[in-house]
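1. coordinates for the following, if possible.
(chains A and B)
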Number of protein chains: 2
Amino acid sequence: MSVTAARGFRACGVAAGLKASGRPDVALVVDDGPDHHGAAVFTTNRVEAAPVTWSRQVVRDGRVDAVILNSGGANACTGPEGFLDTHRTAEQVAGLLGISASDVVVASTGLIGERLPMDRLGAGVAEASRRLDRAGGEDAAVAIMTTDTRPKQAVRTGAGWVVGGMAKGAGMLAPSLATMLVVLTTDAVVDPEVLDRALRRATARSFDRVDSDGCRSTNDMVLLMSSGASGIRPSEEELTALMTDLCLDLARQLVADAEGAHHDIAVEVVGAAGEDDALEVARAVARNALLKCAILGQDPNWGRVVAAVGTTGATFDPQRIDVSVNGIQVCRATAPGDPRKLVDLSGREVHVLVDLHAGTDAVVVWTNDLTHDYVHENSAYST
Amino acid sequence: MSVTAARGFRACGVAAGLKASGRPDVALVVDDGPDHHGAAVFTTNRVEAAPVTWSRQVVRDGRVDAVILNSGGANACTGPEGFLDTHRTAEQVAGLLGISASDVVVASTGLIGERLPMDRLGAGVAEASRRLDRAGGEDAAVAIMTTDTRPKQAVRTGAGWVVGGMAKGAGMLAPSLATMLVVLTTDAVVDPEVLDRALRRATARSFDRVDSDGCRSTNDMVLLMSSGASGIRPSEEELTALMTDLCLDLARQLVADAEGAHHDIAVEVVGAAGEDDALEVARAVARNALLKCAILGQDPNWGRVVAAVGTTGATFDPQRIDVSVNGIQVCRATAPGDPRKLVDLSGREVHVLVDLHAGTDAVVVWTNDLTHDYVHENSAYST
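-> Have a look, this model is predicted:
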């Protein structure tokens, strides 16, 4: 159900022919109200796609009526013409739905540096406007897929209100988002400022802690819309908690479907002197190409973990680092601990635990192993 | 000839049985004077191997008489016992050569987290002390190899004086050095302070601008020794220029032999508002896993270049970035330029040129493509 689990939303996905495969590639999500509140976070990449530039303006006043998304083309690095294409798409949606273009968020994903085929996209948008449905969430989630092997959807239920969402992304996953589009909806009654704060807190603890390959995309966006259709106003804490749980679910789905990955790796850093320290260390470990290769080879190579920790500026004593892999403490006080042969890395999920012995803060960052399939998929993507 | 090209140096390489393959794994280089000056730069990784901790102290007073190096074991993350092992090795070399242990640099490379087999190492050191030779440079260069497929050596000749050197490293290459050991020698007459400055300037423009896989090792060291045996004192500028040229040669050899690489990629950034900006952008591009995969696939994917540029804090207008690949300007003003099909990526060398149009500074950073062979080699290394 994803984006249509909450009342007040309709959605659909259609095939407009943007993808050579003929698979669905245009999704539309509409907020029928009574509220039309929206908030969004965007990529921090300074080279941002035209839809990102456009949508930043749209959400600024806290009102969003609809979002139109396409896969099969990122509309990034397409110059002023690319921005006009985004503008035209928003105008078309607005005309079809009888709303203002300035309340239509636009999102695109796919190859950078190519104009969208506007004739085909226009026909797809028109078709999408006719196929909007209260049960269209699944179709929308399918239509935003690129190299994803499955749609990502999640729903959480509060006391009389619901949050749901869909996500796509299977590469270029990194803090500050990643080739990732996410649309979240709720029928709770929420003021725009609260919506914005809840979204930022939820994404900071979920999508921002996924780091598949350290690359940061030009098109990322997480949009949250509230219809108020439930008539129930949860507290900000309730909303944030449920949103965070929802986003963690979707973030984990992204990791589990990352391009070519064989293992999902949870890098947990404990004993840090602060959350920033913990995050810096966890990300350094999660981005270490040599460790990611070792995990592929089912090698609990804690030396590569410790070497990654050492590149950070976090507070710790270089002689006191402990590392456990899947429950076996293979490194104790920065020296060999229990036998590495005890570590079982045959399963999909891997837990790397680093104890800095410098404080009480802890975080988890998710990443994947680095595989032949990742190299293959990304060396052949645009050709 | 490498480290024995300059007068006043003897060297050798022997097989001590540290490597399972039985290949040479212990190298010794001795400065017979009349000068015994030394300077070194070390990894900035805070988790540093025992030999790095030891050797930092040795070079502090500017006097170095010898360096003993081993492959087949990094002696990193081996606790206080590992440090004692390094100390014992320095004492042994000192005893055999009749010098002070506090003037013996020790360097190790290999797997992290395992003690060295001190009996075998000790026998190898004893043998090495008997086999020192004025023509032993080549043997020494072979003995420090790990996953290198060939020894790296270079020599440059000044007006009556010589600089030469050897290097090893084929992975974990990154700014701030990388699983990289380098020994440089000169017979020029140079004061220790000048030696130190020349070394730092030369490495900053060479080894620090090689970034094979973004990983930074626990063991890296570049050591420069001067014997003064030529009796000629070059100016600091002459010394620095020749040293820089020598180091660039060795650095390029490291890139050309990087683990599993199929392409050597020169990332040149021009039009930067400052050298720091240029370096930040070049490193961001050089570390982008998606671009490195694309180059493997002979895909001039400039979108991934521009996306990497956008992650930096350098001064530039996101709408004005130009990118050329092997001479074809595939991206102009952050939009499609000449047809990508014109780009020939079939050769080993690739030139990615980024023009920021923000100033006049420029740098080149070298990296490699990301290949199946890299993944294979690094997923199977310790097992």
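
2. for the record, mean pLDDT for stretch A:300-317?
-> The predicted model gives stretch A:300-317 an average pLDDT of 93.

3. name the residues of that stretch that come out as buried.
-> Neighbour counts over stretch A:300-317 (16 or more other CB atoms under 10 Å in any protein chain shown) mark A:300-312, A:314, A:316 as buried. To be clear about C-beta, it is placed using only N, CA and C from the backbone, and glycine gets the same treatment.

4. can you check stretch A:57-75 too?
-> Buried residues in stretch A:57-75, counted by 16+ other CB under 10 Å: A:58-59, A:63-75.

5. got any ranges where the stretch 251-383 of chain A has weak pLDDT?
-> Scanning the stretch 251-383 of chain A for pLDDT under 70 picks out the ranges A:380-383.

6. what segments of it are strands?
-> A:264-272, A:322-325, A:328-332, A:335-336, A:349-355, A:361-368 (DSSP state E, counting those that start in this stretch).

7. chain center to stretch A:182-199, what's the gap?
-> On the basis of CA atoms, centre = their mean, to the nearest Å, stretch A:182-199 is displaced by 17 Å from the centre of the chain it belongs to.

8. now that stretch: average pLDDT?
-> Per-region confidence: stretch A:182-199 scores 97 on mean pLDDT.

9. stretch A:13-26 now?
-> Stretch A:13-26 shows a mean pLDDT of 96.

10. from the chain's centre, how far out does that stretch sit?
-> Taking CA atoms, centre = their mean, one finds stretch A:13-26 lying 21 Å from the centre of the chain it belongs to.

11. need the residues that contact that stretch.
-> Stretch A:13-26 is contacted from outside by A:27, A:68-73, A:110, A:116-117, A:120-121, A:123-125, A:127-128, A:131, A:136, A:139-145, using CB atoms under 8 Å, 6 or more residues apart in numbering or on different chains.

12. got the CA coordinates for that stretch in CSV?
-> Provided in CSV are the C-alpha atoms of stretch A:13-26 (Å, rounded to 0.1, in the frame of the first residue of the first chain):
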residue,chain,number,x,y,z
GLY,A,13,2.4,4.0,-11.9
VAL,A,14,2.4,3.8,-15.7
ALA,A,15,4.8,2.9,-18.4
ALA,A,16,5.6,5.9,-20.6
GLY,A,17,8.4,4.4,-22.5
LEU,A,18,11.3,6.2,-20.8
LYS,A,19,12.9,2.9,-20.0
ALA,A,20,14.1,0.8,-22.9
SER,A,21,12.7,-2.2,-21.1
GLY,A,22,9.1,-0.9,-21.3
ARG,A,23,8.6,-1.2,-17.6
PRO,A,24,6.6,1.3,-15.6
ASP,A,25,8.5,4.6,-15.3
VAL,A,26,6.1,7.3,-14.2
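
13. in that stretch, what's buried?
-> Residues of stretch A:13-26 classed as buried: A:13, A:14, A:15, A:16, A:17, A:18, A:19, A:23, A:24, A:25, A:26 (neighbour count, 16+ other CB under 10 Å).

14. and the gap between the fifth one and residue A:123?
-> Residue A:17 sits 8 Å away from residue A:123, taking CB to CB, to the nearest Å as the criterion.

15. on that earlier part again, can you pick out the most distant pair from the buried residues of stretch A:13-26?
-> The most widely separated members of the buried residues of stretch A:13-26, counting by CB to CB, are A:13 and A:17 (13.6 Å).

16. give me the phi and psi for the spatially closest residue to residue A:346 that is not a sequence neighbour.
-> Closest residue in space to residue A:346, ignoring its immediate chain neighbours: residue A:298 at 6.5 Å, by CB to CB, 6 or more residues apart in numbering or on different chains. Residue A:298 adopts backbone torsions of phi 60, psi 40, taken as degrees, to the nearest 10.

17. and the gap between residue A:298 and residue A:64?
-> 46 Å.

18. those helices in chain A, which residues are they?
-> Taking DSSP state H to define them, one finds helices in chain A at A:50-59, A:79-97, A:118-130, A:137-143, A:192-204, A:236-256, A:275-286, A:289-296, A:302-310, A:372-379.

19. tell me the predicted confidence for the closest residue to residue A:35 other than its chain neighbours.
-> Of all residues not flanking residue A:35 in the chain, residue A:228 sits nearest, at 3.4 Å (CB to CB, 6+ apart). With respect to pLDDT, residue A:228 scores 98.

20. rewinding a little: mind giving me TSV with the strands of the stretch 251-383 of chain A and columns for mean neighbour count and distance to chain B?
-> Formatted as TSV, the strands of the stretch 251-383 of chain A follow (neighbours: other CB atoms under 10 Å in any protein chain shown; distance: least, CB to the nearest CB, whole Å):
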stretch	mean neighbour count	distance to chain B
strand A:264-272	23	14
strand A:322-325	24	10
strand A:328-332	20	7
strand A:335-336	19	4
strand A:349-355	20	12
strand A:361-368	23	11
